[in-house]
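[1] My questions are about this predicted structure, shown below with the sequence.
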Number of protein chains: 2
Amino acid sequence: MSSVFSFGSGVLVAGQIGLDKRVLGGKGANLAEMARIGLPVPPGFTISAGECLAYLDHGRASLDRIRDEVSAALGLVERATGKTFGNPRDPLLVSVRSGARVSMPGMMDTILNLGINDATVTGLGQSSGDERFALDSYRRFIQMYSSVVLEIEHGVFEAALDRIKEDRGVDEDIDLRVEDLRGVIATFKDLVLAHHGAAFPQDVQEQLWTAIEAVFRSWDSPRAKVYRRLNDIPGDWGTAVNVQAMVFGNLGETSATGVAFTRNPATGEKAYYGEWLANAQGEDVVAGIRTPQYLTRAAREAAGARLPSMQEAMPKAYAQLAEVFELLERHYRDMQDIEFTVERGRLYLLQTRSGKRTAKAALKIAVDMVEESLVDEVTALLRLDPASLDQLLHPSLDPNAPRVLLGKGLPASPGAASGGVVFDAETAARWAELGEKVILVRHETSPDDIHGMHVATGILTARGGMTSHAAVVARGMGRPCVAGTASLKIDPVARVAEIGGQRLEEGAFITIDGSTGEVFLGELPTILPKLSGDFATVMAWADKHRRLKIRTNAETPLDCEMARRFGAEGVGLCRTEHMFFDESRILAMRQMILADSEKERRSALDQLLPEQRTDFRRIFEIMEGLPVTIRLLDPPLHEFLPHTDSEFTELSRAMGIDVEQVRHRAIELAETNPMLGHRGCRLGVVYPEIYEMQARAIFEAALAVTAEAGKAVFPEIMIPLVGMPRELETLKDALHKVAEIVFTEQGRRIGFSVGTMIELPRAALVADELAVSGEFFSFGTNDLTQTTLGISRDDAARFLGAYVDKGIIAKDPFVSLDIDGVGRLIEMASRKGREARPDLKLGICGEHGGDPASIAFCEEIGLDYVSASPFRVPIARLAAAQAALTAA
Amino acid sequence: MSSVFSFGSGVLVAGQIGLDKRVLGGKGANLAEMARIGLPVPPGFTISAGECLAYLDHGRASLDRIRDEVSAALGLVERATGKTFGNPRDPLLVSVRSGARVSMPGMMDTILNLGINDATVTGLGQSSGDERFALDSYRRFIQMYSSVVLEIEHGVFEAALDRIKEDRGVDEDIDLRVEDLRGVIATFKDLVLAHHGAAFPQDVQEQLWTAIEAVFRSWDSPRAKVYRRLNDIPGDWGTAVNVQAMVFGNLGETSATGVAFTRNPATGEKAYYGEWLANAQGEDVVAGIRTPQYLTRAAREAAGARLPSMQEAMPKAYAQLAEVFELLERHYRDMQDIEFTVERGRLYLLQTRSGKRTAKAALKIAVDMVEESLVDEVTALLRLDPASLDQLLHPSLDPNAPRVLLGKGLPASPGAASGGVVFDAETAARWAELGEKVILVRHETSPDDIHGMHVATGILTARGGMTSHAAVVARGMGRPCVAGTASLKIDPVARVAEIGGQRLEEGAFITIDGSTGEVFLGELPTILPKLSGDFATVMAWADKHRRLKIRTNAETPLDCEMARRFGAEGVGLCRTEHMFFDESRILAMRQMILADSEKERRSALDQLLPEQRTDFRRIFEIMEGLPVTIRLLDPPLHEFLPHTDSEFTELSRAMGIDVEQVRHRAIELAETNPMLGHRGCRLGVVYPEIYEMQARAIFEAALAVTAEAGKAVFPEIMIPLVGMPRELETLKDALHKVAEIVFTEQGRRIGFSVGTMIELPRAALVADELAVSGEFFSFGTNDLTQTTLGISRDDAARFLGAYVDKGIIAKDPFVSLDIDGVGRLIEMASRKGREARPDLKLGICGEHGGDPASIAFCEEIGLDYVSASPFRVPIARLAAAQAALTAA
């Protein structure tokens, strides 16, 4: 089978039709498709992604089998353009670009202007009639090729260029004259010789093949691997390579280049959206070297910008572009992200793809397109990325909070974030690991910053536009981002920044608002987001199509309220231990733990009873009419004790007992593997009085809410860490005994059920026996993953990364359910459980309950509900609908 | 169905025939059986064990349904004896004794002489013609009843009795006169009133029923629970109660009492063995209050004792007893343990049961009985307790070692043990938990000492004979014991002992030899045991009948040699990490761990290579012709680093690197849950160079041994902690690459296989996929139990005891395989694995490999081998034979 596929204006080859992104990559497939429907695409060819994998496995030798095909395809491009590759008179220049199955913006390498050498540069000057352009292209090519292929540090050339500009007394590249550029080229070639140990290659075939190899290699670059891991992209896809005739946006003022979206990717508004620059090449726009201009007059006016829009400056080319927008959106039935170049008034399309968008925009576009009858409801629903809803749901700045505005940049990715400023990705990662919130502050971000951006709560850059690297990546990650903040001065070496007269040392707190572009001093209070009508519309669609119920993991009234607002249909996991860390209670909790006898323990528990009862009352009230699953105390007792000597002293003083007694008890309770230690129902078995107190609090609260407020309450009491049927039986009996006592005391009764977490492999294995007394199962997939895989979540960071990088696992099993392992146990337990008790209620309450892929699995095996953190409830609603639609 | 079953001389009731120990308990069933075959058994009746459970569940009310039956049965006893219960003229006295399905010596309560009160005591004196006897019986009864039923501290009566003896100027109870005894009784009754708040009950029916209740309750006493846990006796068996007419061994010099074995329970020698006392009641012998006399003349002469044997003192009764011995041994086809009483020359049998015996005796008896054609080989084999072989295999004292003999007692339980002396069970338990070896030193042990005896390496008592509590329990546990060491003086309050002029403070080291009764100062060196011909005979029987292969877990040449001597058929688990803790290697290991780069790591590993190669050479040589399974490095790296500041400093000095770097790396490597952390094949994935070094060492050693020594070597390389098929594939590939390199270097090849531990639930779940590359599975049941049950072995002590006590689990799952949970996974993995690879070799290498019940499971599911620690290899051989015979 062929591995090289031609495309583009003037080239007609049957081969590529019907081939999809898996072979051609996204860029290649769409270039071929655009050419096929008659759009102006410069001719070129795509080398399939399979060749990338062959190259990575077998090295350079694998290239031999495609040399003839490439040569033939290049011949077609020469014929279509009338130029010849390497011809000193009228040379063909090409771009060599990566193109994976899905877009990985900025992750892999691109080389432009390939085919220039000392001979062809003259021909290029003559054929273009612009010697300065030819020399500048050569300069750019040496710089880009040396960086990407020869791996010479980019800064080497930047510094040399800066020196020459200084010598000549000019500020901008564009001010360099022909003579200056000759000097730059000579200097660059010297630098190549010095750093590479060989001269800059003059053979254009050598240029081409080494560039193809470099693109192949870039698939396995560290930053690409990180990106793949973060975005669940398998390593065995590979990238295609697109070799395409160059068109030039930098051939004077009738030339231009730009990127555009058919709708606004930030808001979803149905209005063309984009940026362009006259007399520029593509990378000038995306790399943020020059601040680009607005595409439409409306956008320019709205921003109060001075420089003309493309609509104003190049009305004819703009009109043609607008037609293309309409055509492509109808063709692909989705909002498109388009790269174009105008060469001396003539429009060329270099790329189209479904445009990345904010969650807000995705919702609006979905609702609008259904209204426009462009797509149907199910298609619209399936196209949404549930995880992206996260962006919409997080708090924004409280408008009434006093604030000190430091400056303003571009609103590049919506949402508000606070954190200490850090000036490099490494520091961001290190601080974040220590639990610090950080804002990554950079001149501009590059793919090397990906890991720092991932851990940052927000990103602030001094340069770059709305489509700069920082902006695109931040939107994809759902991180708030303010870009192109001109008033921001950064000294990364001294680790200090200045903005609005405020000096910011590393660690100084700021707040950014990615929806307005504002930067504030300190940490500002936030408020809950107002959800748009589009959100409600989409959620209503989702609710119509889903089968799974969605509950929430919540234990505070605030979280319960929020979850209910987000559509939670009950509490799936109320972790009672969180309630004891409150300052007013921790002392009684510690007294309980330090007690020498059951009597002392009971007396401390008596102090906790009214507090715990109040907790449950509030939750039952908020969750009126909905089931509330309350998990009894789960963590090992030592988690409630202090750990340092000074804390021991403090506690011993507060409690009036000997410090040695405190220390001794803390040491006595310490565990080698707390995850597998004395916790969960094991506490309930050894200290029955703890669960008795909790049960009493639940029953008393439920009775009070029912009687006083007349509200319906459905408590489901959940026993954690059960592995043996007798544990559940014994503890269920004990709970029923407490219930009878309380019901007798109060002369009223209430319905309740008792069930168990399934979070140990053994529980899944004996699920039929557990279902005899257990009235519901809730899969605690966090712990079930830890025990089934034998991986401590707290310690996994040391090797899970290597596992993903080496292709041993596809995804972090703590983020997305390990279906082949843990999933098999869940399925087994569900089946066995329902065999023993056909009406057994089944749910999942681990963090996987908010993960779309895991939700799809829950749908498939017929669970009754998933429970997710409040902010993930809407995600779960959408994912559940998608799962039901896909399964149907 | 009836719950009360009569038995004994003069009573003929059909009911009990055919009922077994599950209903009647061991004592009751055997009493009924002895009566049935015509032996002189005092009449009585048994209340079934089911009534015990009913009483423990429902309390006193449950007794109502048996009142009529008990009354009728008591009537039969009255008719048979011609005496009447509570009759002031000629009162019937009874004993009320527990009797569980299996013997639990001393664990539950017994009350003798019941039926005496102020009125009947006179009648008893008249009917027996011995007023002193009647009063002494009343005194004993008040004391025993008050202790058992009224739960008045035993010492209260002892102290009062001592005061009275002092007053009267007498030393022994027997020297108290009638008048004195009247005073004792009055005093005892006052004490009851004072401590119990009510008078000693005069109503004999009340005495009877409260005694029955007390025996029922004693089933759930703490000491009984501990015993059950240690001996795997289920809590839901309950105990039967035997009520039997009293006969009296204390009616003067023509009366006697004793306990006897039909063969020697320590050596197995075919010679009657036992102890007796004239004019005594049974508890005088077993409680060690008076030092008893030998049963036979031969035994007395061999011991050089002065007091006459029963054979000499009561030749007629002795001859009758010897006839009974022969009859019972033929009847039960096993060595019997018999309790008897001679009342005024007339022999009565109070109990028979299969006698507990040392392992050595068990072997000899088995071989002898097969030779005597009393039982066949299979019966003899099935009757042996594999676990007891442990006793035979441990080292004994090196006869050439210099020694300081401190004193000598009775050789009560064979084997040698050293440890620090402790004077109470609590201290023993506490010290043992800290890893100290202790010898429990007591005047005499009681059932309350069980937990201390269990943790002690040996037991030394000052009083009591060969059938004393200490001796019986120690033999059962396989603990060396020296009993009745008259020269030992103990002051338990001051925590000091004296023997042979040597003062022993708590913690002072001594050595006891339970085979000779000697006590030595300090810790003496030991040597390997010589195994008897009986051992070889039994092992040969076992090997003939077993299907499972037996391998060993061993990594030192010493262990390998020992295991081979014990019959190991290969190494099932060679843990390579143990090899690195050697002083000469730990430094290189630490250098490897502290290395900053792969290069530095490789250089440290280069230093370890020759050492590791030598390790494997030795093992291959010893294991010539047998397979050797080598597990690659498993524990987390931090296990090889020091933990304290001073150790950090030392290490940094030794390695010439900064102490902060050492500390930092140690902190960096520390883990929250090391059991689930960066260990096993995860090390191999992240640091491939470690496994590469180990593989090279294996291949080079194997080639060397084959070539130089011409010995056959079968290395099986085992990858630990695999959970994902790609882990195994990746690492297997890497091992094969190393193999090819080494084979090419040396120009020779060797066969080897690569397999995996199955020790994570996920591995079992995806076993079919693992079997694609894995050539064998070895179930690492220690870790598989930890992960399946979610129980850290290191932390389980805090709750597993409570779990067994509360009946939540039957056995410690780390000792005996959890068949319902872990077993299900093993079965699943075996089945799936063999489906994918029919010739997959399957074994087990956790500590369960030496546990008979677990071995039975391995036989059942068709594993190929079990691997046990060297000392447990013979146990495994026997257990495997039993499993095969039982399964067949």
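    Yes, it's here. Residues are numbered from 1 along each chain as shown, chains lettered A, B, ... in the order given.
[2] wait, doesn't A:Arg564 sit right on A:Met623?
    Yes - here A:Arg564 reaches A:Met623: they are 6.9 Å apart, a contact under Cβ atoms under 8 Å. C-beta: built from backbone N, CA, C; applies to glycine.
[3] The two - which one has more neighbours?
    Remark: of A:Arg564 and A:Met623, A:Met623 carries more neighbours, 29 against 20, as counted by other Cβ atoms under 10 Å in any protein chain shown.
[4] can you pull the contacts of that one?
    The contact partners of A:Met623, by Cβ atoms under 8 Å, 6 or more residues apart in numbering or on different chains, come to A:Cys560, A:Arg564, A:Gly570, A:Val571.
[5] Strands along the stretch 201-350 of chain A, start to end?
    A:239-245, A:256-261, A:273-278, A:293-294, A:336-343, A:346-354 (DSSP state E, counting those that start in this stretch).
[6] Can I get those in a markdown table including distance to chain B?
    Output for the strands of the stretch 201-350 of chain A, formatted as a markdown table (distance: least, Cβ to the nearest Cβ, whole Å):
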| stretch | distance to chain B |
| --- | --- |
| strand A:239-245 | 23 |
| strand A:256-261 | 40 |
| strand A:273-278 | 44 |
| strand A:293-294 | 49 |
| strand A:336-343 | 36 |
| strand A:346-354 | 32 |
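[7] which of these sits most buried?
    Across the strands of the stretch 201-350 of chain A, the average number of neighbours (mean count of other Cβ atoms under 10 Å in any protein chain shown) peaks for strand A:239-245, which reaches a mean of 28.
[8] Please export the C-alpha coordinates of that one as CSV.
    Presented in CSV, the C-alpha positions along strand A:239-245 are these (Å, rounded to 0.1, in the frame of the first residue of the first chain):
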residue,chain,number,x,y,z
THR,A,239,2.3,11.6,13.3
ALA,A,240,1.9,12.1,9.5
VAL,A,241,4.2,14.6,7.7
ASN,A,242,2.8,17.2,5.3
VAL,A,243,5.1,18.6,2.7
GLN,A,244,3.5,21.5,1.0
ALA,A,245,4.4,24.2,-1.5
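[9] thinking again about what came up before, so which of the strands of the stretch 201-350 of chain A is nearest B:Phe699?
    Comparing these by their distance to B:Phe699 (Cβ to Cβ), the top pick is strand A:239-245, with 39.2 Å.
[10] That closest one: partners in the sheet, and parallel or antiparallel?
    strand A:44-47 (antiparallel), strand A:94-100 (antiparallel) (DSSP bridges).
[11] Close to chain B: what parts of the stretch 701-850 of chain A are there?
    The interface of the stretch 701-850 of chain A toward chain B, taken as Cβ under 8 Å from any Cβ of the partner chain, is made up of A:721, A:723-724, A:726-727, A:730, A:759-762, A:765-766, A:783, A:786-792, A:794-795, A:798-799, A:802-803, A:806-809, A:818, A:820-822, A:824-825.
[12] Kindly recompute the last result at 7 Å.
    Proximity of the stretch 701-850 of chain A to chain B (Cβ under 7 Å from any Cβ of the partner chain) is limited to residues A:721, A:723-724, A:726-727, A:730, A:760-762, A:765-766, A:786-792, A:794-795, A:798-799, A:802-803, A:806-809, A:820-821, A:824-825.
[13] Quick check on the residues you listed: which are buried?
    The neighbour count (16 or more other Cβ atoms under 10 Å in any protein chain shown) marks A:721, A:723-724, A:726-727, A:730, A:760-762, A:765-766, A:786-792, A:795, A:798-799, A:803, A:806, A:808-809, A:821, A:824-825 as buried among these.
[14] What about the residues of the stretch 701-850 of chain A next to chain B, which are in helices?
    Counting by DSSP state H, these place A:726-727, A:730, A:761-762, A:765, A:786-789, A:798-799, A:802-803, A:824-825 in helices.
[15] Of the contacts of A:Met623 - the most surrounded one?
    Result: A:Val571 is most packed of those (other Cβ under 10 Å), 30 neighbours.
[16] For burial, what's the neighbour tally of the closest residue to it other than its chain neighbours?
    The shortest distance from A:Val571 to any non-neighbouring residue, by Cβ to Cβ, 6 or more residues apart in numbering or on different chains, is to A:Val628 (4.4 Å). Residues near A:Val628, counting by other Cβ under 10 Å, number 26.
[17] circling back to that earlier point, how about the strands of the stretch 201-350 of chain A in JSON lines, adding distance to B:Ser98?
    Listed next are those as JSON lines, based on distance: least, Cβ to Cβ, whole Å:
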{"stretch": "strand A:239-245", "distance to B:Ser98": "80"}
{"stretch": "strand A:256-261", "distance to B:Ser98": "88"}
{"stretch": "strand A:273-278", "distance to B:Ser98": "90"}
{"stretch": "strand A:293-294", "distance to B:Ser98": "96"}
{"stretch": "strand A:336-343", "distance to B:Ser98": "86"}
{"stretch": "strand A:346-354", "distance to B:Ser98": "81"}
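[18] which stretch among these comes nearest A:Gly507?
    strand A:273-278 (34.2 Å).
[19] what's the offset of the longest helix belonging to chain A from the middle of its chain?
    Looking across chain A with DSSP H, the single longest helix is helix A:598-622. The chain centroid and the centroid of helix A:598-622 are separated by 40 Å, computed with Cα atoms, centre = their mean, to the nearest Å.
[20] Which positions in it come out as buried?
    Buried, per 16+ other Cβ under 10 Å, within helix A:598-622: A:601-602, A:604-605, A:607-609, A:611-613, A:615-622.
[21] packing partners for that helix?
    Secondary-structure packing of helix A:598-622 (3 or more Cβ pairs under 7 Å, 6 or more residues apart in numbering or on different chains; DSSP states H and E): helix A:557-565, helix A:583-594, helix A:688-709.
[22] Cool, thanks, signing off.
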